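Trainee: Predicted model and sequence below, questions to follow.
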Amino acid sequence: MSGRRVDAKVVLLGQEGVGKSSLVERCAHRRFRPGPYQNTIGAAFVAKVMTVGDQTVTLGIWDTAGSERYEAMSRIYYRGARAAIVCYDLTDSGSYQRAKFWVNELQNCEEGCRIYLCGTKSDLLEEDRRKRGVDFHDVQDYADEIKADLFETSSKTGQSVDELFQKVAEDYVNFSAFQVMTEDKAVNLDQRNSPYFYSCCHH
Ligand SMILES: Nc1nc2c(ncn2[C@@H]2O[C@H](COP(=O)(O)OP(=O)(O)OP(=O)(O)O)[C@@H](O)[C@H]2O)c(=O)[nH]1
C-alpha cells in the first residue's frame, strides 16, 4: 500500500461512540473488536483499494474523533473530501441531531462533498426492535431532502458495510467520469483560437 496514490478523500463524522472507528475497522480489516471503547484522538487514516468495474480506486479514509473537544480538528479533516460518511447510532436520537449538525457544516463549507448518512449498530435492533431511537422513514425523508444516500449498518455483523463503501467508490468513479466529460466540453467551447473553431465558423 505504501506510496499508493489516493484517488478520493473520504471523511467519517459523527458523535463520539457512534461507531466510526469500528466501521473503518470492519471495512479495512473485516473484523469487529468488541473490547473496551477507546475514543479516537485527533483522527486516524486508512487507505482502502476498491474495485469498480475494471477500475481500481483508492479511498483515503479519515476517521475523525467524535468528541466535541476535537470539533475544530474535524473541520480540518473534511476539507477537500469527496465523500463524507455522517454516522449516528440507531439507538440514540441525540446522535442523529449531531449528524444533522455535520450535514449543515458540509453543506455550508464543502459543496463538492457527497453525503452518506449511516445509521450504525443495526445488530442492536435485531436483538430488540424497541431499541430503535431514530425512525427509518424520517431519516429517508431527510436524506432525500439533502440528496444523500442512507445506509443502516452493523460493524459487528458486517451488515451493509461493504455496500456503503462500494457505493462511495462507485459514485466517485461515475461522478469523475461525468466531470471529465463536462470539462472536455467546456474546453472545446472555450477554444476560440483553435483552428477547428475558426474553420468551423468561417465555412
Ligand atoms: N453492537 C454494536 N456495537 C458497536 C458497533 N459499532 C461500534 N460499536 C461499539 O460502540 C463503541 C464505540 O465505537 P467506536 O467505533 O470506537 O466509536 P467512534 O464513533 O469511533 O468513537 P470516537 O472515536 O470517540 O468518535 C464501542 O464499544 C464499539 O464496540 C456495532 O455495529 N454494533
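Mentor: Sure, I can see it. Numbering: from 1, shown residues only.
Trainee: so who does Phe136 touch?
Mentor: For Phe136, the residues meeting the contact criterion (Cβ atoms under 8 Å, 6 or more residues apart in numbering) are Gly119, Glu152. To be clear about C-beta, it is placed using only N, CA and C from the backbone, and glycine gets the same treatment.
Trainee: And Ser160, by the same measure?
Mentor: With contact set as Cβ under 8 Å, 6+ apart, Ser160 has these partners: Ser122, Phe151, Glu152, Thr153, Ser154.
Trainee: Is Val11 part of a helix or strand, or is it coil?
Mentor: For Val11, the assignment made with DSSP: H, G, I helix; E, B strand; the rest coil gives strand.
Trainee: surely it meets Gly80?
Mentor: No: here Val11 lies out of contact with Gly80, judged by Cβ atoms under 8 Å, at a distance of 9.3 Å.
Trainee: related to what we said a few turns ago, make a markdown table out of the contacts of Ser160 and add neighbour count and distance to the ligand.
Mentor: Compiled in a markdown table, the contacts of Ser160 are given as follows (neighbours: other Cβ atoms under 10 Å; distance: Cβ to the nearest ligand atom, whole Å):
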| residue | neighbour count | distance to the ligand |
| --- | --- | --- |
| Ser122 | 19 | 7 |
| Phe151 | 22 | 12 |
| Glu152 | 19 | 10 |
| Thr153 | 28 | 7 |
| Ser154 | 23 | 4 |
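Trainee: quick one, which of Val11 and Gly80 is more surrounded?
Mentor: More crowded of Val11 and Gly80, by other Cβ atoms under 10 Å: Val11, with 26 against 11.
Trainee: Could you give the bridge partners of the more buried one?
Mentor: Per DSSP bridges, residues listed as beta-bridge partners of Val11: Trp62, Ala84.
Trainee: Could you report the distance from it to the ligand?
Mentor: When Cβ to the nearest ligand atom, to the nearest Å is the yardstick, Val11 and the ligand sit 12 Å from each other.
Trainee: got it, and Thr58?
Mentor: When Cβ to the nearest ligand atom is applied, the distance between Thr58 and the ligand equals 22 Å.
Trainee: could I get the host helix or strand of that residue in PDB with only the CA atoms?
Mentor: Taking DSSP states H and E as the definition, one finds Thr58 inside strand 55-64. Provided in PDB are the C-alpha atoms of strand 55-64 (Å, rounded to 0.1, in the frame of the first residue of the first chain):
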ATOM      1  CA  GLN A  55     -11.100   0.200 -12.400                       C
ATOM      2  CA  THR A  56      -9.400   0.400  -9.000                       C
ATOM      3  CA  VAL A  57     -10.000   3.300  -6.800                       C
ATOM      4  CA  THR A  58      -8.000   4.100  -3.600                       C
ATOM      5  CA  LEU A  59     -10.100   5.700  -1.000                       C
ATOM      6  CA  GLY A  60      -8.200   7.700   1.700                       C
ATOM      7  CA  ILE A  61     -10.400   7.300   4.700                       C
ATOM      8  CA  TRP A  62     -10.200   9.700   7.600                       C
ATOM      9  CA  ASP A  63     -11.800   8.600  10.800                       C
ATOM     10  CA  THR A  64     -12.300  11.700  13.000                       C
END
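Trainee: and that strand, which residues are buried?
Mentor: When burial is assessed from 16 or more other Cβ atoms under 10 Å, strand 55-64 yields the following buried residues: Val57, Thr58, Leu59, Gly60, Ile61, Trp62, Asp63, Thr64.
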